[in-house]
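Student: what would the 3D arrangement of this be:
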Amino acid sequence: MSCFSEMTYAALVDGELPPEESQRVRSHLLICAPCREVVAALTAENRMLMVTLAEAAGDELALAARTRPAWVELAIVAAVLLAIGAILHWLNGQSTLDAMNWLNPFTPEGQNNLAFNLMFYLSHGGGTVLEHLASTIGRLALGLSAVVGFLVLLRNRRFRSGISLVALAFTLSLPGLAIERRSSTGILTVPQNETVNDTLLASAEQVEIEGVVKGDLFTAARSVVVHGTVTGNIFAWSQTVDVDGSVGGSIFSWAQNAIIRGQVGHGVYSWVEFLRLEPGSQVASDVIVGCQEANLLGKVEGGVLAFAGRVNVHGDIGRNILARVGEINLTSPAHVNGGLTVAIHDRRKVRVGEGVVIAGPTEIKVLSRVSRYSRPGFYIWRGIGLVGAFLVGWAAMYLFPGFFATAARAVGSGWRSFLLGFAILVGTPVAIVLVAVSLIGLPLAFISLGLYLIGLYLAVVFVAAFLGFIIFKGAQPRTGQGLLAYFVGLLILTVLFHLPFGIGFVFEFLAFCLGLGALIWHLYRAWRMAPA
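Tutor: You can find the predicted model right below:
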């Protein structure tokens, strides 16, 4: 009898083989010592991972998992998740949280904020920034190609090595970027009598610009203070951004507090908790802001687009105000040279004081809370999503039938898939944010975000296949019954994900954790078993 593949032994150790095949494999192990050694190594590896996950979840939880039946574990998980969903749903119904909708990516305010921040970051940074960013991405991609090609050259002297050497030569021929990097564990200062003639990439506990930066300023710090001049744009990731000097370009800020007291040559684009334009400040173009509260006390020569809990206008606005807010107040001597368009849930929270001048038309759109289940578009988009997911799963099933079936079975591995998936689900966004704090890391952060979203999508695909194969026992990939099983699983998930009262969120969270855990585990398996 010939030996089985290592993938088959891995599925045996994971308890994912059908009973008949499992019996055949065990019979072979009785007469094959080398295969027994492989299975022993895989078992030890599994035990090590389970110990690590058990420590992360707590020793008491791991002990309880060993002594309780599987159905009791599932019931406990379902009860906890349902309780969390009920609490979130109750909190979502409290009016006091309306001001925080901009932080929630599942609300229209949060989605719009994410969209406009990305859009304006890419399109309003100026030609120089876009050129630098494109060059950086190109160098990164070609550099990675060169490294991969070099590794291939060491292992396999074939056609791909020639391509990698060409990529390496091309990468080295690209012009360098004029970027000056400075870092400190305390305060990093550009003194008043100093001029930085390049783009400055600064990281410190506190960054203070007293002199002149003749380029862009990229900074990650707890506090950023600009008393001097930045002729280009400012990109700031920090707790506090305080600008009372002169900025020739635009300000892009991701911060808790953004305070502008000086002159800005273009626009202000901010994702912050609090934005404040002090009296005497001047913004030559538009203000685009997503925040909890914005106080506009200075002069904005362009328009204002705000997604916020509260907006207070006390200065001059050169063009229109477009706002989707929980509350907006215009007080004298506010002057709006354009129109005022507000989308709000409560008409009474639009307050225009005496002496306020609005040159254009005023339009107030009261947003009604209409159930999504009453909208035909809801069912149309769910249908489109169902068809798209089915086509993606169909392609994966036919291209990688073995991996597809094994990963789908791994969804039922219980705590291993759930805990590993939970770690990936929660830890990856944190890692992306940490990587994104530098110019070089920003392209890598975007690539990681794309892979993360693809992983979330595929997680649902494997969970759907798992459910379908449970219902249609014996169904195999690349068969009509396998496709039917997968479609039924997708249909079940689509219904579960859109149940009301927060229940759908609970099922979605559970599916993401289980599917991600199964996917990452078997990607690791496939990588480990790849021939050297």
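Student: doesn't T231 make contact with K214?
Tutor: Yes. K214 lies in contact with T231 (Cβ atoms under 8 Å); the separation is 5.0 Å. For every residue, glycine as well, the C-beta is placed using N, CA and C.
Student: got phi/psi on H227?
Tutor: Main-chain dihedrals, H227, degrees, to the nearest 10: phi -100, psi -20.
Student: just the pLDDT for it.
Tutor: If you check H227, the pLDDT there is 92.
Student: what is the burial count for Q206?
Tutor: By other Cβ atoms under 10 Å, 17 other residues sit near Q206.
Student: wait, H227 touches D244, no?
Tutor: Yes. With contact defined as Cβ under 8 Å, H227 reaches D244; the gap is 6.1 Å.
Student: so for stretch 181-189, what gets flagged as buried?
Tutor: 188-189 (16 or more other Cβ atoms under 10 Å).
Student: start to end distance for it?
Tutor: By Cα to Cα, to the nearest Å, the extent of stretch 181-189 from end to end equals 13 Å.
Student: average pLDDT for that stretch, rounded please.
Tutor: 87.
Student: begin at 33, not 1, for the rest of this chat.
Tutor: Okay, using 33 as the starting number, the last item reads as stretch 213-221.
Student: now what about it, what contacts it?
Tutor: Here stretch 213-221 makes contact (Cβ atoms under 8 Å, 6 or more residues apart in numbering) with 232-242, 253.
Student: can you rerun that using 6 Å?
Tutor: 233-240 (Cβ atoms under 6 Å, 6 or more residues apart in numbering).
Student: who wins on neighbours among those residues?
Tutor: Compared across those, V239 has the highest neighbour count, 27 neighbours, by other Cβ under 10 Å.
Student: helix/strand/coil for it?
Tutor: Here V239 is strand, with the state taken from DSSP: H, G, I helix; E, B strand; the rest coil.
Student: now it: how far from L249?
Tutor: V239 sits 8 Å away from L249, going by Cβ to Cβ, to the nearest Å.
Student: what do you get for S445?
Tutor: S445 sits at a distance of 49 Å from L249 (criterion: Cβ to Cβ).
Student: of the two, who's got more company?
Tutor: Comparing S445 with L249 by other Cβ under 10 Å, the one with more neighbours is L249, at 25 against 17.
Student: which residues does that one contact?
Tutor: Taking Cβ under 6 Å, 6+ apart, we find L249 in contact with 232, 262, 266.
Student: ok, and the most crowded of those?
Tutor: Counting neighbours by other Cβ under 10 Å, V262 leads the contacts of L249 with 27 neighbours.
Student: ok, that residue touching V279?
Tutor: Yes. Counting by Cβ atoms under 6 Å, V262 touches V279, with 5.1 Å between them.
Student: now do the shared contacts for those two.
Tutor: Joint contacts of V262 and V279 (Cβ under 6 Å, 6+ apart) do not exist.
Student: please enumerate the strands of the stretch 283-432 of the chain.
Tutor: For the stretch 283-432 of the chain, strands defined by DSSP state E, counting those that start in this stretch occupy the ranges 283-292, 295-296, 300-309, 314-315, 319-328, 331-332, 336-345, 348-349, 353-362, 367-368, 372-376, 382-384, 389-390, 394-398.
Student: now tabulate the ones you listed in a markdown table and tack on mean pLDDT.
Tutor: Below are the strands of the stretch 283-432 of the chain laid out as a markdown table (pLDDT from 0 to 100):
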| stretch | mean pLDDT |
| --- | --- |
| strand 283-292 | 89 |
| strand 295-296 | 94 |
| strand 300-309 | 90 |
| strand 314-315 | 94 |
| strand 319-328 | 91 |
| strand 331-332 | 94 |
| strand 336-345 | 91 |
| strand 348-349 | 94 |
| strand 353-362 | 92 |
| strand 367-368 | 93 |
| strand 372-376 | 91 |
| strand 382-384 | 91 |
| strand 389-390 | 92 |
| strand 394-398 | 90 |
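Student: I'd like those strands as a markdown table, with distance to A439 appended.
Tutor: A markdown table is the format used below for the strands of the stretch 283-432 of the chain (distance: least, Cβ to Cβ, whole Å):
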| stretch | distance to A439 |
| --- | --- |
| strand 283-292 | 36 |
| strand 295-296 | 51 |
| strand 300-309 | 36 |
| strand 314-315 | 51 |
| strand 319-328 | 37 |
| strand 331-332 | 53 |
| strand 336-345 | 39 |
| strand 348-349 | 54 |
| strand 353-362 | 41 |
| strand 367-368 | 57 |
| strand 372-376 | 44 |
| strand 382-384 | 52 |
| strand 389-390 | 59 |
| strand 394-398 | 46 |
